[in-house]
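Visitor: Structure here, sequence nowhere to be found:
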């Protein structure tokens, strides 16, 4: 238990950094994902093409490579941002296509007649999407979106390889300093990750029950 007490301050600092990455990248990925998801169904071919390329490109590149680009290539190109900000940018870019696909699947789940009815009363594409389609699609995308954010929580651990002192990096330091209690220290770190992911799953279940679409 002495090892637990020793690593707790280090773990709490890493946990706060993990939560910060999750919050910033989660919000950024959600905003970009909604925009890209809407562009995927846009009547403008250039917007659909851009959204498709963006989604397929970033979704099929390993996260490690995306973070490597942000951490080492962007500074070469003139960026003076700190590693935390660069990691948040990389996580946002990597996660946003998955959010976009979740949004698009929800949009495709809305009956076509809803959009046709909106257009028949004079609504444009933007009004149809924002006022008719997205509110209904939002009910169906909660579970997949929560899964994306749970995956993002675990993906923040990769940022530890790029000089960001998040929870996983703190785990590495803790195991080196407590070699006689490695298993206990690792279980402690896993429990802290569960403190993030389990509530997200419970929140998803509660929201899904509240807004479930009766079929």
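Guide: Arrived safely, thanks for sending. It should be emphasised that the depicted structure is a prediction, and the values quoted were computed from it without experimental measurement.

Visitor: can we go C-alpha only for contacts and neighbour counts from here?
Guide: Will do.

Visitor: buried set for stretch 109-129?
Guide: For stretch 109-129, a neighbour-count test (16 or more other Cα atoms under 10 Å) marks 110, 115, 118, 123, 125, 128, 129 as buried.

Visitor: and the gap between the fifth one and residue 132?
Guide: So the one you mean is residue 125. For residue 125, the distance to residue 132 equals 10 Å [Cα to Cα, to the nearest Å].

Visitor: got it, and residue 44?
Guide: 19 Å.

Visitor: Look at those two and report which has more neighbours.
Guide: residue 132 (17 against 10; other Cα atoms under 10 Å).

Visitor: Can you list the low-confidence ranges for the chain?
Guide: Within the chain, the segments meeting pLDDT under 70 span 1-2, 211-215.

Visitor: Who are the contact partners of residue 196?
Guide: Applying Cα atoms under 8 Å, 6 or more residues apart in numbering, we find residue 196 in contact with residue 153.

Visitor: can we see that at 10 Å?
Guide: 15, 18, 19, 22, 150, 153, 154 (Cα atoms under 10 Å, 6 or more residues apart in numbering).

Visitor: Repeat that for residue 59.
Guide: Counted by Cα under 10 Å, 6+ apart, residue 59 has contacts 53, 93, 94, 95, 96, 97, 98, 101.

Visitor: Secondary structure for these - can I get that in TSV?
Guide: Formatted as TSV, the contacts of residue 59 follow (DSSP: H, G, I helix; E, B strand; the rest coil):
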residue	secondary structure
53	helix
93	helix
94	helix
95	helix
96	helix
97	helix
98	helix
101	helix
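
Visitor: follow-up on the earlier one: can I have the buried ones of the contacts of residue 196 as a ChimeraX selection?
Guide: Buried subset of the contacts of residue 196, written as a ChimeraX selection, criterion 16+ other Cα under 10 Å:
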select :15,18,19,22,150,153
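
Visitor: for the contacts of residue 196, which one is nearest residue 89?
Guide: Minimum separation from residue 89 among the contacts of residue 196 (Cα to Cα) is found for residue 22, which lies at 11.3 Å.

Visitor: Tell me the spacing between the closest one and residue 166.
Guide: In terms of Cα to Cα, residue 22 sits 11 Å off from residue 166.
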